[in-house]
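Undergrad: just to be clear, the model below is a prediction. Sequence and coordinates:
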Amino acid sequence: EVKLQQSGDELVRPGASVKMSCKASGYTFTDYAMHWVKQSPGQGLEWIGTIIPLIDTTSYNQKFKGKATLTADKSSNTAYMELSRLTSEDSAVYYCASSPFDYWGQGVMVTVSS
Amino acid sequence: DVVLTQTPPTLSATIGQSVSISCRSSQSLLHSNGNTYLNWLLQRPGQPPQLLIYLVSRLESGVPNRFSGSGSGTDFTLKISGVEAEDLGVYYCVQSTHAPTFGAGTKLELK
């Protein structure tokens, strides 16, 4: 069974950074790209970026360049996303999804508040 | 960026009614390899999205066959032949022929 297990919800201060994880199981991690998607409260889905674990190549939505950094650890089948210089606009649920958006993690709710 | 325009934004249906959702792209979604990377997702309240249809018309394993997808180029449709209560939620189209983009969503609710 394919599963993407994401790390827990986060409460972070404005200006801080947060790093979340997405552990894949049930398939060969390096066979598929991993997407990250943002969903702001009551809003739709927004692509942040994609990492290809096999070759450690990333691509980003221009909007998230400088905000999000995607990495992957092939030894643990885990993808990571770090968000920096957080503001209230970054409060959202963040999902990982294997390509082609077939399997999704349960989401990480990030709340930016002092 | 490729813009996906979904219509209608809201759909009211009775159980058993057939409905369709349109997804129009600002650019052709036909990839140079011959595939068209247009998927349909359903997000139920409080849940992550789930894949219903991939490559325009291929039904994801375990998805009921009342769901069907069609279209080509820039014009795509999701049809539900006989809505059931479990189908309520927000439907999104998503393309990955180009840098991925999502439609704004169509909320399916009970009339």
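TA: Thanks, I have the structure now.

Undergrad: tell me the strands beside the helix or strand A:Ala79 falls within, with direction?
TA: Assigned by DSSP states H and E, A:Ala79 falls within strand A:78-83. Strand A:78-83 pairs in its sheet with strand A:18-25 (antiparallel), strand A:68-73 (antiparallel), by DSSP bridges.

Undergrad: of all those, which one comes closest to B:Phe67?
TA: Using C-beta to C-beta as the measure, strand A:18-25 is the one of the strands paired with strand A:78-83 that comes nearest B:Phe67, at 26.2 Å. Every C-beta, even on glycine, is put in place using the N, C-alpha and C of the backbone.

Undergrad: would you mark the buried spots in the strand holding A:Ala79?
TA: By neighbour count on 16 or more other C-beta atoms under 10 Å in any protein chain shown, the buried set for strand A:78-83 is A:Thr78, A:Ala79, A:Tyr80, A:Met81, A:Leu83.

Undergrad: bridged to the residue nearest in space to the middle of chain A, which residues?
TA: The centroid of chain A falls nearest to A:Trp36 when counting by C-alpha atoms, centre = their mean (4.1 Å). Beta bridges link A:Trp36 to A:Gly49, A:Cys96, judged by DSSP bridges.

Undergrad: which residues of chain B lie near chain A?
TA: Listed as neighbours of chain A in chain B under the rule C-beta under 8 Å from any C-beta of the partner chain: B:37, B:39, B:41, B:43, B:48-51, B:54, B:60, B:90, B:92, B:94, B:96, B:99-105.

Undergrad: what's the neighbour count on the closest residue to B:Ser72 other than its chain neighbours?
TA: Using C-beta to C-beta, 6 or more residues apart in numbering or on different chains and skipping residues adjacent in sequence, the residue nearest B:Ser72 is B:Thr36, 6.6 Å away. A count of nearby residues for B:Thr36, using other C-beta atoms under 10 Å in any protein chain shown, gives 19.
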